[in-house]
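A.B. asks: Predicted coordinates and the sequence they were generated for:
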Amino acid sequence: MTDTVTGITILADSNIASLDEFFTATMLGQATEQTVSIIKVAGRDINAQLLAELQPTILLIRSVTSVNEALLADNESVEFVGSATIGTDHVDQDYLAARNITFANAAGCSKHSVAQYVLTAILTLRPQYWQPSTTLLMTSSMPPLTLGIIGLGNIGSTLAQYATALGWQVLGYDPLLHPSDTNNASFEQVLSQSDVVSLHVPLTDKKSTHKKAAAGQSFQSSNGSDYPTRHLINAEALAMMSPHTMLINSARGPVVNASDLEADIERNERQVVLDVFEHEPEISEGLLAKLAIATPHIAGYTVEGKLRGTQIIYDALCEKLAVAPAQSMQKLLPLNMFLWSELKAHPDRLIKFYDIMQDDASLRSQAVDGQVNGADFDQLRRDYHLRREWQF
Ligand SMILES: NC(=O)C1=CN([C@@H]2O[C@H](COP(=O)(O)OP(=O)(O)OC[C@H]3O[C@@H](n4cnc5c(N)ncnc54)[C@H](O)[C@@H]3O)[C@@H](O)[C@H]2O)C=CC1
Ligand SMILES: O=C(O)C(=O)[C@H](O)COP(=O)(O)O
């Protein structure tokens with residue numbers, strides 16, 4: 001890093017967990033005369049003007065800050081960008097690479113939290129599907145739930161493990177991975193044969209756009225894919241699903257076409273669970289009332305999920321600074337009594353493990369004339385009670 005004499009200035013989204021515990025001079029292995037200043041602002045307020053004023057060396061963000069040419073074209077101070085999130089659709093990674101700015105995200109940080117959110121949603125709406133595999137063969141006459149999972153990366157594959165533990169059938173679709181026990185179906189089969197379809201894909205667009213980096217060279221937008229996911233679930237896809245099939249989106253809002261979804265719910269009375277929204281942080285008028293469960297993009301918001309996000313970008317920054325990490329989230333975590341084995345044995349305790357309807361009620365309480373505005377949506381996320389991740 002070039003800032004070894006003057007110290008390090010970090011500009012950070014104030015919604016990143018435990019910033020003060022991780023990003024100090026001591027924890028970043030700096031000599032005692034060195035300063036590390038950390039400036040915390042709301043993620044949506046991080047803009048080119050603020051960067052020009054503060055000249056940070058390090059930028060720490062979450063999903064609400066777009067990092068791209070528009071933000072960085074006039075900036076020469078930033079050398080490291082860390083996003084304490086799994087998703088990276090808000091970051092133009094190829095632009096950062098072209099500018100020689102190191103980038104790290106927090107892959108997998110909240111995979112259990114999101115999988116547990118999805119399980120909770122399903123079991124809250126359809127409690128009849130509690131069928132731990134040990135009792136399945138002996139007692140149940142009802143066929144097990146068929147869970148369709150679109151995207152079998154960290155979250156999708158973790159969800160598949162929980163589903164299998166409950167004796168459910170998994171139909172999975174991921175065209176970018178080899179076929180496997182769970183990557184075992186086509187897109188059409190997942191949609192047409194599942195009782196519940198859960199989306200776990202990144203937000204991507206068609207591969208195409210060639211852009212110009214600041215230095216003049218041409219590069220491709222990092223969000224381009226041969227299997228784009230924007231509006232993957234549209235009227236055509238919804239028409240393949242039986243009205244009985246529940247749809248859950250905890251990936252990114254624009255993976256589902258919101259107006260097609262509204263029309264589909266009206267037509268089919270489909271049970272739909274949304275944690276993310278096409279026009280987030282706004283929720284379009286009329287949509288909220290049609291949803292079975294709606295939450296303000298908090299599927300990954302557990303104490304563990306958020307702290308792991310911070311740990312992963314902290315470790316990456318330590319690597320960039322060539323120092324050994326000195327802080328560990330294990331030292332910061334309060335005792336956790338939420339055991340998956342207990343929940344599996346006592347399904348009636350689900351509400352104690354995660355009361356998803358309380359999150360739903362908090363979001364609906366913000367609605368005025370059927371609409372939630374962006375500031376209220378963001379505030380719910382900022383003030384979220386942070387639940388606990390179930391342990392093994
Ligand atoms: N609601 C929330 O709080 C959270 C949402 N997320 C979202 O969940 C997404 C998935 O997370 P991870 O599983 O950890 O990511 P991951 O990168 O481990 O897995 C994504 C999988 O989707 C697959 N995929 C890509 N395009 C596809 C397509 N067209 N059809 C089917 N599969 C496709 C990829 O091959 C990959 O295996 C993130 O990108 C993020 O946007 C992540 C964390 C929290
Ligand atoms: O990790 C991701 O990807 C997510 O969607 C985050 O958990 C969402 O949280 P924010 O980054 O928007 O706070």
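C.D. replies: Structure received. No experiment lies behind these values; they were computed from the predicted model shown. Ligands and ions are numbered 1, 2, ... in the order given.

A.B. asks: From residue 284, how far off is residue 77?
C.D. replies: 38 Å (C-beta to C-beta, to the nearest Å). Glycine gets a C-beta too; all of them are placed from N, C-alpha and C.

A.B. asks: Wait, a helix at residue 123?
C.D. replies: Yes - assigned with DSSP: H, G, I helix; E, B strand; the rest coil, residue 123 falls within a helix.

A.B. asks: how near is whichever residue of the stretch 251-392 of the chain sits closest to ligand 2 to residue 108?
C.D. replies: Nearest to ligand 2, among the residues of the stretch 251-392 of the chain, is residue 300, at 3.4 Å (C-beta to the nearest ligand atom). As judged by C-beta to C-beta, residue 300 and residue 108 stand 11 Å apart.

A.B. asks: Of these two, give the one with the bigger neighbour count.
C.D. replies: Taking residue 300 and residue 108 together and counting by other C-beta atoms under 10 Å, residue 300 has the greater number of neighbours (28 against 16).

A.B. asks: Identify the residues contacting the closest residue in space to the more buried one that isn't next to it in sequence.
C.D. replies: Spatially, and ignoring its direct neighbours in sequence, residue 300 is nearest to residue 110 (3.2 Å; C-beta to C-beta, 6 or more residues apart in numbering). Residue 110 sits next to 86, 155, 299, 300, 301, 302, 304, 305, 306, 308, 309 when contact means C-beta atoms under 8 Å, 6 or more residues apart in numbering.

A.B. asks: Now do the contacts for the fourth one.
C.D. replies: Spelled out, it's residue 300. So residue 300 contacts 86, 109, 110, 113, 114, 117, 306 (C-beta under 8 Å, 6+ apart).

A.B. asks: List phi and psi for the fourth one.
C.D. replies: Dihedral pair for residue 113: phi -60, psi -50, per degrees, to the nearest 10.

A.B. asks: I'd guessed it sits against residue 302; true?
C.D. replies: Yes - using C-beta atoms under 8 Å, residue 113 is in contact with residue 302, at 4.2 Å.

A.B. asks: residues shared between the contacts of those two?
C.D. replies: Common neighbours of residue 113 and residue 302 (C-beta under 8 Å, 6+ apart) are 387, 389.

A.B. asks: what is in contact with residue 300 and residue 108 at once?
C.D. replies: residue 86.

A.B. asks: residues from the stretch 101-250 of the chain in reach of ligand 1?
C.D. replies: Contacts of the stretch 101-250 of the chain with ligand 1, taken as C-beta under 6 Å from any ligand atom, map to 108, 110-111, 114, 150-156, 173-177, 200-204, 225, 227, 229, 232, 250.
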